[in-house]
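Engineer: with the input below, show me the fold.
(4 chains, ligands or ions: 4)
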Amino acid sequence: MAELTYRNAVAYGIAQEMRRDPSLVMLGEDIAGAGGVFKTTVGLVDEFGPDRIRDTPISEQAILGAAMGAAMTGIPVIAEIMFSDFIAVCFDLLANEIAKSRYMTGGQVTIPIVVRTANGGGSRFGAQHSQSVENWVMMIPGLKVVAPSTPLDVVGLLAASIRDPDPVVFLEHKSLMADKQDVPDGEILDKLGAARVVREGTDCTIAALALMVPRALEAADRLEDQGISAEVIDVRTLVPLDTQTILGSVSKTSRLFTVEENPRLCGWGAEIASIVADEAFWDLDGPVVRITTPHIPLPAAEALEDMAIPSVDRITETVTKRMG
Amino acid sequence: MAELTYRNAVAYGIAQEMRRDPSLVMLGEDIAGAGGVFKTTVGLVDEFGPDRIRDTPISEQAILGAAMGAAMTGIPVIAEIMFSDFIAVCFDLLANEIAKSRYMTGGQVTIPIVVRTANGGGSRFGAQHSQSVENWVMMIPGLKVVAPSTPLDVVGLLAASIRDPDPVVFLEHKSLMADKQDVPDGEILDKLGAARVVREGTDCTIAALALMVPRALEAADRLEDQGISAEVIDVRTLVPLDTQTILGSVSKTSRLFTVEENPRLCGWGAEIASIVADEAFWDLDGPVVRITTPHIPLPAAEALEDMAIPSVDRITETVTKRMG
Amino acid sequence: MSTQTRDEGLYDYALREPRLPAPENRENDNIGIPIEARLEMYEMQQLLRQFEKRAYDMFLQNLVKGTSHLSLGQEAVATGFGRVMRPDDFTFATYRGHAHTLSRGADPGAVLAELLGRENGILKGKGGSMHLTSVEHGMMGSYAIIGAHLTIANGAAWSARMRGTDQVAVCFFGDGTTNIGAFHEALNLAAIWDLPVVFVCENNLWMEYTPIDLITAVANPAADRASAYGLEGIVVDGNDADAVYQVATQAIGRARRGEGPSLIEAQTYREQGHSRADPAKYRPPAEVQAWKERDPIPMYHERLLRLGVPEGDLSTIQQDVARRVDEATEFAKGGAVPGEQHLLTDVWADGGSAWRN
Amino acid sequence: MSTQTRDEGLYDYALREPRLPAPENRENDNIGIPIEARLEMYEMQQLLRQFEKRAYDMFLQNLVKGTSHLSLGQEAVATGFGRVMRPDDFTFATYRGHAHTLSRGADPGAVLAELLGRENGILKGKGGSMHLTSVEHGMMGSYAIIGAHLTIANGAAWSARMRGTDQVAVCFFGDGTTNIGAFHEALNLAAIWDLPVVFVCENNLWMEYTPIDLITAVANPAADRASAYGLEGIVVDGNDADAVYQVATQAIGRARRGEGPSLIEAQTYREQGHSRADPAKYRPPAEVQAWKERDPIPMYHERLLRLGVPEGDLSTIQQDVARRVDEATEFAKGGAVPGEQHLLTDVWADGGSAWRN
Ligand SMILES: Cc1ncc(C[n+]2csc(CCOP(=O)(O)OP(=O)(O)O)c2C)c(N)n1
Ligand SMILES: Cc1ncc(C[n+]2csc(CCOP(=O)(O)OP(=O)(O)O)c2C)c(N)n1
Ligand SMILES: [Mg+2]
Ligand SMILES: [Mg+2]
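Structural biologist: Ligands and ions are numbered 1, 2, ... in the order given. The predicted structure is shown next:
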């Protein structure tokens, strides 16, 4: 049993997998001696050496290209893209090459890549370093998408992502880095495609992801006081998506709320809302409601950023109002 | 009155605006003497000269960057990105710079750009030249998104996009290029943010975009024969989104189907479905149903591509089955 | 005939000064290449030529759907490199990749079937002409969006080193590709990591319909950029398979010995349009004519005759190739149209495409 | 002390061989710059220095939220260029943009207020330290994702030509930025279109925590790439405002006369960490020390004394600047925290953010 921060859980999970598979390598900017700008890779180069933990130039296309070329010729790769906003500079590699090559070649190539990246707001970094881009990658066929909310999930889902033979985008939330949790000794391995009911409830279902999970949980506590029993689901992986758990919960509670950090349009919650509004339509007792960041670039000032991203207050108030 | 193809309507609309505004310029690959790979810009360089219709290197980032820098210093620009799939190579410019700079600077800069691009499937080009990327751009706050389905809409919406002071992504559908329509003489100017009810009906609403509009219309004809009266809405602009027209129609018909060419996850239809499942929930008489391309990269072979993209048959059958 | 400054002026490029090929270098007769290798390269060039002519005919018969990009006129590049590469080396090519796929030994029938969108296609019809791949032949893919594959080739080269093999990655691309960002990132990374990769720019003077010199800051789009990556600028006659063979031997040898990457500019010309039915009217007729006169195949034919190979041997090769192309045609035409059972396979390594439970 | 090959070995970069500055060039005392201009440049360097020290103090007091990237040690670059630029010229800078914003004349109070996230900030608190912009001063933005702004600077230069002005765009970026694709695309386009743009690489030897020479194929990341765009490779002492003034005058003059773009590499050093509280322990101490001894401001101070300016005049300037920085601090601290009414404005030109009716 060791207590790990979310931040340290990243290196912990990578180390576990690098010990298991001596062919696994990682590359990215400032990840070796410096241990990454979020200190998520501290210590790895000491244990695994600079051939397996490689610093790169500021060349995100070259990073993902090298990862893809290595992966398709037998070397599994973890590639770090420092901030998820920078996925935009290498989106062609991710969306058009890594995601599609297996299908386009009739299954000839296998691309075991994990693209790790720091996602989300709360650091007052402004619109180019704070985005929640889970929908950028969820919408691309051929990518799996994982977004853990706890240190233990970081380790277990990272291990599962690394062992997955398909490309996975692994979103580490900047504002969860300091969160702590005890993790058990020995190998930790979770699986992709399983949401988790993190709080049981009977009146409504709240589906949340990453930083929105602790907020949804806190809101559920407050709602309890108001006599509303909310079931909270940590979606955990967007692709594959555990629709059974979500539909199962809605069939019990008859109401769905999503709490999304991504700006509103075409967010992951829209996809889930559309699935529920189709497949669970007859179970629903009221509107499907999405609580999201407004459809704006994220502002830098503390006060404004806090207004933009769904807060415990906003979640609580919205659920109360819409359940009323 | 002149008969125009969808293809020719592009140059027609650009010419109208270039005559009106002598500062308007266009840049892109092979757009001048060659008239564009889809022949959508034929004749423009003859009338406006190579300083206003500029051929560029294969440098999509440099194209959008030049467009942005010119636009923010007083020159409105039309930038052509040859295939919409290539938005991935310049996504940083589009999603992080062009879309966000006005907000980030507290309103100091205005960026009158139209990014024109050939979108969609049906040409058997395979996964890297056939994508429907309307959701790639719809999800980015700060971009307007237009996707016309007829030659007249091409002209009118292009004029409206060019005159709009904000960045607009204008999606020209490859498989509509040969469609013909009469257009009136004189200036043609439409407005953004207005959907169009292209067929009235009472039993269900079908929301469609671009190539999916004629298919939805044909399906509606067949449904009529089966006793189902479908109202068909051409969404036309995704941002701004005319939710009034859509909600109004659903309040009348009580059922919504979306027909989307984008692969399923986080498609534009998910957004509309989520709006309807919230705001029109009490109007709905049955599930909200999305008819989409499956969540796969698009295959090249004719037979496979035709199975992937929603067809008249699939629309008709799905509506019949789900209304039954 | 008028010339054009880069910045303004002439936009009908057919009226520009033609850019003429360098004259044939007869000295290359004397490059030390065994005659068997030369005969194989003759045969390969014949195969590439006859295959693509057939593909073009079938396109005119509306059998080839979608698009296709022929490299008629550029066969010597794929041939020279293909002959030098080892079976376990890696090829990365563009949408103009028929020749590079065949030159690694992929089956012409399966390639042609792919162009026809058939189930027996080399990609089961899923990728089409622009994405030809044959992993079993070291042909790691044809990439249709400019630039990306240079960075991917680096990865294969890096992997070779990590796996302790001496495999080399060879990456082909066009002159127009030297102006996109990924080119720069790939060359820099290859150089700093000393990767065993050979970058081969097939400079055919045109991007699609725009002349390369109008949109490129230097005269030799690849070679004049080599120094920006600490590399030597190498230019080779891309219409002479023997000259290509020679630089390929040097560059691949260097890479295999761990001496790092190379950047080679092979000067050549595409005899037809950019893709499919493009009539390529935007090119100065004198330019097209001059390059046709430097067509690699008749030139190579003449060389072999000068080197004492009897005409009859060459005709036999031609006829054998013609037979193979006919067989490939039959194979391709005989393929089934892919059925629904194929649509939803091959997205994931488990064979399927499920995104939910 | 050990050295490191690029490919393997030492990853604790603090143990590497220090990269030392070139010695001060006293000849630059004689560059023909009027003394008034030199005094203004002294004052500007004082302002940049004192402003950023204040910002750092306020960060330590937890008043500055988010991140900020100081250019302490690099002031001579912004100063020299700022002095040469005309009020209607365009500046494009990075997240490390405080100096470039102030050197164009933006109000220090409004800039500091922005770092504090206040309503009276130059961006109303919406952009923060990394996006400083002041269109009225020709400061067209600070861009926080590497590379893009080089391409945007081209656009402003292109627009100047189209509008028939002789405005020039000057674009500042770091050494690490020379390895990203957009750098390459921007330089090529500027060259072929002969744009009035000056690209200024502030080579401070480090990207974030990685030494530039380890990840770059050439010794001078910008200057050694100039020839790839048909440009001259220009290196200047970036710690000497007069030397910078001189190359700025030449390059901006060329651009203004329609003679095309320039690429300049200014060699300098950031005295502190990359951002915020980064203690920058990854750097060889001897390197940090050597560059501190080449700090641009004391050096410039000495030069002015040598040129006969009385010490008292310089102290007066320093004190005036100190007063301005105090005033700026008061202004910034006095600003309101932005209220809800600002959240949904400024997305569209109509002032709002509505995406639906
Ligand atoms: C990023 C991107 N931009 C544009 C295109 C469209 N396109 C396809 S081929 C081509 C010309 C390429 O020229 P070159 O690199 O010289 O290769 P060639 O076709 O002459 O072999 C262009 C512009 C593309 N495929 N990808
Ligand atoms: C595309 C992209 N990749 C990575 C980063 C993260 N990052 C911010 S600054 C920086 C280092 C930049 O180094 P350099 O260009 O030398 O400028 P300096 O910070 O030294 O002024 C990096 C890697 C970024 N902002 N954008
Ligand atoms: Mg070419
Ligand atoms: Mg630097």
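Engineer: so who does C:Arg19 touch?
Structural biologist: Applying C-beta atoms under 8 Å, 6 or more residues apart in numbering or on different chains to C:Arg19 gives the contacts C:205, C:211, C:213, C:287. Every C-beta, even on glycine, is put in place using the N, C-alpha and C of the backbone.
Engineer: same for ligand 4: which of these are within range?
Structural biologist: On the criterion C-beta under 5 Å from the ion, none of the entries of the contacts of C:Arg19 sits beside ligand 4.
Engineer: separate out the buried members of the residues you listed.
Structural biologist: Burial by neighbour count, 16 or more other C-beta atoms under 10 Å in any protein chain shown: within the contacts of C:Arg19 this picks out C:205, C:211, C:213, C:287.
Engineer: these two touch, right, the second one and C:Tyr13?
Structural biologist: Going back to what we said before, that points to C:Pro211. Yes: the pair C:Pro211 / C:Tyr13 is scored as a contact, 5.5 Å apart, by C-beta atoms under 8 Å.
Engineer: which pLDDT value does the model give C:Glu8?
Structural biologist: C:Glu8 is assigned 49 on the pLDDT scale.
Engineer: meant to ask about C:Gly66, not that
Structural biologist: If you check C:Gly66, the pLDDT there is 89.
Engineer: which residues touch it?
Structural biologist: With C-beta under 8 Å, 6+ apart, C:Gly66 has these contacts: B:123-126, B:300, B:302, C:117, C:128-130.
Engineer: ok, back up a step: which of the contacts of C:Arg19 lies closest to C:Ala243?
Structural biologist: Among the contacts of C:Arg19, C:Leu205 lies closest to C:Ala243 (C-beta to C-beta), at 17.7 Å.
Engineer: roughly how far apart are the closest one and D:Ala14?
Structural biologist: Distance from C:Leu205 to D:Ala14, counting by C-beta to C-beta, to the nearest Å: 50 Å.
Engineer: likewise for C:Leu63?
Structural biologist: 65 Å.
Engineer: again, but for A:Ala15
Structural biologist: The spacing between A:Ala15 and D:Ala14, counted by C-beta to C-beta, is 23 Å.
Engineer: equivalent analysis for C:Val84, please.
Structural biologist: Remark: distance between C:Val84 and D:Ala14 (C-beta to C-beta) = 45 Å.
Engineer: swap in C:Leu15?
Structural biologist: Applying C-beta to C-beta, the value for C:Leu15 to D:Ala14 is 62 Å.
Engineer: which residue comes closest to A:Ala273 once chain neighbours are left out?
Structural biologist: Nearest residue to A:Ala273, sequence neighbours excluded (C-beta to C-beta, 6 or more residues apart in numbering or on different chains): B:Ser274, at 3.7 Å.
Engineer: SS state for the one you found?
Structural biologist: helix (DSSP: H, G, I helix; E, B strand; the rest coil).
Engineer: what do you get for the one 4 residues further on?
Structural biologist: The three-state assignment at B:Asp278 reads helix, by three-state DSSP.
Engineer: on the three-state scheme, A:Val37 is what?
Structural biologist: Secondary structure for A:Val37, judged by three-state DSSP, is coil.
Engineer: quick one, what contacts it?
Structural biologist: Contact analysis of A:Val37 by C-beta under 8 Å, 6+ apart lists A:29-30, A:82, A:118, D:208-209.
Engineer: let's have these in CSV, adding neighbour count.
Structural biologist: Compiled in CSV, the contacts of A:Val37 are given as follows (neighbours: other C-beta atoms under 10 Å in any protein chain shown):
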residue, neighbour count
A:Glu29, 26
A:Asp30, 21
A:Met82, 22
A:Ala118, 25
D:Glu208, 19
D:Tyr209, 23
